[in-house]
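# Curious how this folds, go ahead:
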Amino acid sequence: MSTESAAVAPRPAAVPSPTAVFVRLKLSLLRNGLRQSTGRTLAYIASVIVGLLFAAGAVLGLIALRGNDHVGALVVLLTGILTLGWAVMPLFFPTGDETLDPTRLVMLPLRPRPLIVSLLVASLVGIGPVVTLALITGSVIAVAHGTAATVVGVLAVVLVVLVCVSLARAVATASVRLLTSRRGRDLAVLSGLFIAIGSQGVNIAAQKLGRPDGLSVLEPLGNVLRWVPPASAVSAVEDAGHGAYGRAAAGLALTALALVLLLWWWQRTLTALMTSPDSSTLQAVEKDSARRGGNGERGLARLLPDGRTGTVMLRTLRYAWRDPKSKMAWATALGVGLLVPVVSSVQGNGSIYTAFSASALLGMQMYNQFGQDTSAFWMVASTIATPRDAYQELRARALTLAMVAVPFVTLVVVGAAAFIGPWSDFLEVYGLSLAVLGALLATGALSSALFPYSIPSEGNKNVAPGQGAIAWFSLFGGLLIGSVLCAPLLALTIWLHVAGLHHLLWLLLPVGAVYGTGIAELGLRLAAPRVARRLPEILVAVSKG
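Coordinates of the predicted model:
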C-alpha cells in the first residue's frame with residue numbers, strides 16, 4: 001500500500017532556470033522603460049539604428065582591409081578600445097542598465113555561481129553586445145586566413161565578448177556602492193568631459209590614419225597590445241593564419257585566463273556585497289562619529305591658514321569636490337586647458353603659446369563666485385559686515401583658485417615647452433601666463449560683485465532662466481577687460497622682440513608674476529567694498545535657481 005502511495009505521489013514542480021528568469025527580467029525592464037514616454041522610445045530606436053549602421057560600416061571597412069599588412073595592429077587596437085569602453089561604461093552611466101545593481105537581489109535565495117551565470121547571460125541582451133559581436137567578428141574576418149585561423153577566430157569572438165561583458169559586470173559590482181551614492185552620480189556629470197576628450201582623440205587618430213601609410217603608425221602599439229587580453233585572442237587568429245600555432249594557443253590561453261580571473265573577482269565581490277551590511281547606515285554613522293571625535297582637522301585642512309581665510313579656502317575646496325556643477329566646471333577647465341596644447345602638438349602645427357589656455361580657463365573659475373553658493377549665500381552674507389570682511393572672503397577664494405591654478409599652469413607650460421618648444425620661449429610664456437591668471441582673478445572678483453547670477457542645482461543648465469544675458473556679459477566683458485589689463489605686458493614683450501633684446505626676455509617671468517599678483521590684489525580691493533554694499537542684491541540674484 002505504501003508502495004502504491006509512493007508511486008502516485010505528485011512529483012515536485014521543476015524549479016525554473018534562473019537564467020531564463022533573468023533574461024525575461026531584462027526584456028521586461030527594457031520594454032517597460034520604453035513605455036514611459038514616446039521620446040524615450042524614439043531615442044532608443046534611433047540609438048539602435050545608429051549603432052547597427054556604425055557596426056555595419058565598421059565591419060565592411062574591416063573586411064575591405066583584409067590582406068593589408070597592418071590590419072592586425074588595427075584590430076588589436078580596436079579590441080583594446082572596446083574593452084576599455086566596457087570597463088568604464090558602468091562608472092559613467094550607472095543608470096543605463098537597472099540590472100547592474102545586484103543589491104536589488106539581496107533578499108532572493110540565490111547562490112553566487114548561478115547568479116553570475118544568469119547575470120552574464122542577461123548582459124548579452126542589448127544593442128551593446130550586438131555591436132561588440134559585430135566589430136569583433138569583422139576584426140576576425142579581416143585577419144583570418146585558413147581553416148585553423150577560422151576555428152581560432154570562432155573561439156576568439158566568444159572569448160572577447162564574454163570578457164567585455166564580464167569586465168563591465170565585475171566593475172559595476174565592485175563599485176556599486178559608489179555608483180549609487182552622490183559621488184557616483186557625479187561621475188555621470190563628468191562623462192561629458194571624457195567624451196569630449198575622447199572625440200578629440202578620435203579626430204587626431206582619424207587624421208593620422210587617413211595618410212597613405214597611416215596604419216603603419218599603429219604597429220608599435222599593436223605589438224604591445226597583442227599580448228594584452230582580450231586583444232591577444234584576436235591576435236591569435238592572425239598567428240594561426242601564419243602557422244604560428246604556439247603563439248595562437250598562448251593568445252587564446254591569456255584571454256581565457258583573464259576571463260577566469262574576472263569571473264573569480266566578480267564572484268568574490270558579489271559574495272561580499274550580498275553578505276556584508278550596508279556601510280551607508282550604522283557603520284557610516286560609527287565612522288563619522290569616530291572621525292568627529294578626533295582632535296583638530298585632518299589632511300589638507302591642517303595646511304591651510306588659520307582664521308577666516310583657511311575656513312573659506314576649505315569650504316571652496318569642498319564645494320569644488322562635492323558639488324556636481326562646480327566639479328564639472330573645474331574638471332572641464334583642467335581637462336580642456338591640458339588638451340589644447342596636446343592636440344596642437346599632435347597635429348604638428350602647435351605653438352607654445354597654446355599654453356595660455358590653462359591660465360585662461362582656470363582664471364575664468366573666479367567669475368560668479370557667489371552664484372556657486374546659490375541660496376546658501378545668506379550664510380556667507382551674514383558674516384560680512386565691512387569691506388575688510390568682503391576682501392578676506394574674496395581673497396580666500398582667489399587663493400584657493402591660485403593654489404590649484406599656479407601648479408597646473410606651470411605643468412602645462414613646461415609640457416608645451418618640452419613637446420612643442422622652443423625652450424627659449426618658456427620664461428616668456430610662463431610670465432605671460434601668470435599675468436593672464438592674475439588679470440582674470442581681478443576681473444572675476446569685480447564681475448562676481450557686479451554681475452552675479454544663479455546656477456540651478458538641478459538640470460543641465462548653468463544659468464537660471466532670465467539671467468543668460470548677465471552671464472554672457474559678465475564672462476565676455478571680463479575677458480575683454482582682462483585682455484586690456486594684460487596689454488602693458490604684451491607691449492613690453494613685443495618691444496623686446498622688435499628691438500632684438502632677446503637676452504632680456506627672461507625678465508618677463510618675474511615681471512609677469514609680480515604684475516599678475518599686483519593686478520589681482522588691486523581687483524580684490526576694488527571688488528570688496530562693492531560686495532559689502534550689494535549683499536542683498538547679490539543674494540537675490542544667486543537665489544533664483
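# Could you use CA atoms for every contact and neighbour count after this?
Noted.
# Pop out the phi and psi values for the nearest residue to Val71 once chain neighbours are set aside.
Residue nearest to Val71 in three dimensions, not counting chain neighbours: Leu65, with 6.5 Å by CA to CA, 6 or more residues apart in numbering. Phi and psi for Leu65, reported as degrees, to the nearest 10, are phi -80, psi 0.
# was I right about Leu65 contacting Gly72?
No: look at Leu65 against Gly72 with CA atoms under 8 Å: they stay out of range, at 9.9 Å.
# Which of the two has more residues huddled nearby?
Gly72 (29 against 18; other CA atoms under 10 Å).
# My guess is the more buried one contacts Glu238. True?
Yes: contact criterion CA under 8 Å: Gly72 and Glu238 qualify, at 7.0 Å.
# list the buried ones in the helix or strand hosting Ala170?
For Ala170, the element it lies in under DSSP states H and E is helix 147-174. When burial is assessed from 16 or more other CA atoms under 10 Å, helix 147-174 yields the following buried residues: 148-150, 152-153, 155-157, 159-174.
# next one: stretch 314-332
Result for stretch 314-332 [16+ other CA under 10 Å]: buried residues 314, 316-317, 319-321, 323-332.
# try stretch 535-543
In stretch 535-543, counting by 16+ other CA under 10 Å, buried: 535, 538-543.
# Check stretch 467-475 too.
467, 471, 474-475.
# quick one, phi/psi of Cys486?
phi -80, psi 0.
# what's the burial count for it?
There are 21 residues near Cys486, going by other CA under 10 Å.
# And it, how close does it get to Leu505?
Distance, Cys486 to Leu505, by CA to CA, to the nearest Å: 16 Å.
# Ok, Ala249 next?
Ala249 is 62 Å from Leu505, where distance means CA to CA.
# nearest to Leu524, of the buried residues of stretch 314-332?
Thr316 (16.8 Å; CA to CA).
# Quickly find the element holding that closest one.
helix 307-322.
# How about residues contacting that helix?
Helix 307-322 is contacted by residues 183, 301, 304, 326-327, 330, 392-393, 395-397, 399-400 when judged by CA atoms under 8 Å, 6 or more residues apart in numbering.
# following that helix, which helix or strand shows up next?
helix 324-347.
# For the very next helix or strand once past that next one, which helices and strands make contact with it?
Beyond helix 324-347 on the C-terminal side, the first helix or strand identified by DSSP H and E is helix 356-363. Helices and strands touching helix 356-363, by 3 or more CA pairs under 8 Å, 6 or more residues apart in numbering; DSSP states H and E, are helix 324-347, helix 387-419, helix 426-450.
# Pick the most buried one from those helices.
Comparing these by mean neighbour count (mean count of other CA atoms under 10 Å), helix 426-450 ranks first with a mean of 28.
# After it, which helix or strand is next?
helix 468-485.
# Return the member of the buried residues of stretch 535-543 nearest to Leu450.
Closest to Leu450 out of the buried residues of stretch 535-543 is Ile538 (8.3 Å), distances taken as CA to CA.
# any low-confidence regions in the stretch 151-300 of the chain?
For the stretch 151-300 of the chain, applying pLDDT under 70 flags the ranges 177-217, 276-300.
# one more time with 90
Low-confidence segments of the stretch 151-300 of the chain, defined by pLDDT under 90, span residues 168-229, 231, 238-239, 241-247, 265-300.
# Now do the strands in it.
With DSSP state E, counting those that start in this stretch as the definition, the stretch 151-300 of the chain shows no strands.
# one step back: ok, the buried residues of stretch 314-332 vs Ala445, which is closest?
Distances from Ala445 to the buried residues of stretch 314-332, taken by CA to CA, are shortest for Thr316, at 14.7 Å.
# Give me the local confidence score for that closest one.
The per-residue pLDDT reported for Thr316 equals 84.
# for the one 3 residues further on, same thing?
Per-residue confidence (pLDDT) for Tyr319: 81.
# gap between it and Lys325?
As judged by CA to CA, Tyr319 and Lys325 stand 9 Å apart.
# ok, now Arg308?
Going from Arg308 to Lys325 by CA to CA gives 25 Å.
# Could you do Ala46 as well?
Ala46 is 29 Å from Lys325, where distance means CA to CA.
# swap in His145?
Following CA to CA, the distance that separates His145 from Lys325 is 52 Å.
# Arg395 now?
22 Å.
# Counting by contacts, list what the host helix or strand of Leu52 packs against.
Leu52 is part of helix 38-64 when elements are defined by DSSP H and E. Packing partners of helix 38-64 (3+ CA pairs under 8 Å, 6+ apart): helix 18-34, helix 127-143.
# If you average pLDDT over each of those, which is lowest?
helix 18-34 (a mean of 77).
# Could you pull up the residues touching Leu489?
Contact analysis of Leu489 by CA under 8 Å, 6+ apart lists 432, 435, 508, 512.
# Pretty sure the last one sits against Val429.
No: distance between Gly512 and Val429: 9.4 Å, which falls outside the contact criterion (CA under 8 Å).
# rewinding a little: which of the buried residues of stretch 535-543 sits closest to Val21?
The closest of the buried residues of stretch 535-543 to Val21 turns out to be Ser543 (CA to CA; 49.5 Å).
# Give the burial count for the closest residue to that closest one other than its chain neighbours, as a bare number.
With sequence-adjacent residues excluded and distances taken as CA to CA, 6+ apart, Ser543 is closest to Ser375, at 4.4 Å. For Ser375, the neighbour count with other CA under 10 Å is 19.
# How about Val140?
For Val140, the neighbour count with other CA under 10 Å is 30.
# List the contacts of the closest residue to it other than its chain neighbours.
Closest residue in space to Val140, ignoring its immediate chain neighbours: Gly153 at 5.7 Å, by CA to CA, 6+ apart. Taking CA under 8 Å, 6+ apart, we find Gly153 in contact with 140-141, 144, 234, 237.
# Could you rerun that using 10 Å?
136-137, 139-141, 143-145, 147, 159, 233-238, 240-241, 252 (CA atoms under 10 Å, 6 or more residues apart in numbering).
# Drop anything exposed from those residues.
Buried among the contacts of Gly153 by 16+ other CA under 10 Å: 136-137, 139-141, 143-145, 159, 233-238, 240-241, 252.
# if we can go back for a sec, what do Tyr319 and Lys325 both touch?
Gln372.
# With neighbour numbers in mind, choose between Ala249 and Leu505.
Taking other CA under 10 Å, Ala249 and Leu505 do not tie; Leu505 has more neighbours (20 against 17).
# From His497, how far out is Ser351?
Distance, Ser351 to His497, by CA to CA: 17 Å.
# Ok, Ala55 next?
54 Å.
# So these two - more neighbours on which side?
Taking neighbours as other CA under 10 Å, Ala55 and His497 compare with Ala55 leading, 20 against 14.
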